[in-house]
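Asker: below is the sequence, then the predicted model.
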Amino acid sequence: AQSVSQHNHHVILSEAASLELGCNYSYGGTVNLFWYVQYPGQHLQLLLKYFSGDPLVKGIKGFEAEFIKSKFSFNLRKPSVQWSDTAEYFCAVNAIWGGKLIFGQGTELSVKP
Amino acid sequence: DTAVSQTPKYLVTQMGNDKSIKCEQNLGHDTMYWYKQDSKKFLKIMFSYNNKELIINETVPNRFSPKSPDKAHLNLHINSLELGDSAVYFCASSHRPTSGASTDTQYFGPGTRLTVL
């Protein structure tokens, strides 16, 4: 069955700490990969996406993610977090031809000032 | 210049009532989706329409009926509301790929928080 698993339910960091959020997927075929962010009380916004090419993708606000096909992983990283990064982060996958997104369960990130 | 908009933003209603949520996108996309986010923030696809045609219909009670009058609008009608329907409902839209080589990104609306009392 298609599934996405995010390793951490809740991550608490101090400002300037480095961030890595894990994401693994199970999908029978070539996929597109996404990270979305949901700030408190707001809608989902796209952070970054991977369709093909360079497996290291850069997104908005200094975020990046690396697709490792052999590990079925798409981990999100940021070298130095800010208080404003406090939000819920969702990893998602869909088939290469598009269609429904399969979401992970989300990781809540709390950054202490 | 809102890209994907939903109305209402909040909806509080009694069990047994019938309600509708509306979604509109001005991105020129031809595919629209409804997702449900439960109290644990888990997001799951409900429906998808492409050019007014239903293309994804997940296991959803038939009390939920989507309607797409045109490719820029996708509404969700819910009959006989139950307590378990309380959630945040997100509309999204994207282009539908024709070549199969790639896909376009889904853009989400602000969500409608439905509370059933």
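Answerer: Done, it's in.

Asker: up against chain B, what does chain A have?
Answerer: By C-beta under 8 Å from any C-beta of the partner chain, the residues of chain A that approach chain B are A:32, A:34, A:36, A:38, A:42-46, A:49, A:51-52, A:88, A:90, A:92, A:94-103, A:105-106. Where you see a C-beta, it was placed from the backbone N, CA and C, and this is true even at glycine.

Asker: any stretches of chain B with poor pLDDT?
Answerer: B:1-2, B:97-103 (pLDDT under 70).

Asker: spell out which parts of it neighbour chain A.
Answerer: Taking C-beta under 8 Å from any C-beta as the measure of proximity, chain B contacts chain A at B:31, B:33, B:35, B:40-45, B:48, B:55-56, B:58, B:90, B:92, B:94, B:96-97, B:100-111.

Asker: of those residues, buried ones?
Answerer: Restricting these to buried positions leaves B:31, B:33, B:35, B:43-45, B:48, B:56, B:90, B:92, B:94, B:96-97, B:103-111, with burial counted as 16 or more other C-beta atoms under 10 Å in any protein chain shown.

Asker: can you list which of the residues you listed are found in strands?
Answerer: Using DSSP state E, the members of those that fall within strands are B:31, B:33, B:35, B:43-45, B:48, B:56, B:90, B:92, B:94, B:107-108.

Asker: out of those residues, the closest to B:Gln25 would be?
Answerer: Proximity to B:Gln25 was ranked across those by C-beta to C-beta; first place goes to B:Tyr107, at 7.5 Å.

Asker: let me know the helix or strand that A:Val111 is in.
Answerer: strand A:107-112 (DSSP states H and E).

Asker: show me what A:Trp35 bridges to in the sheet.
Answerer: A:Leu48, A:Cys91 (DSSP bridges).

Asker: got the contact list for it?
Answerer: Residues counted as contacts of A:Trp35 (C-beta atoms under 8 Å, 6 or more residues apart in numbering or on different chains) are A:23, A:46-49, A:59, A:63, A:65, A:74, A:76, A:89-92.
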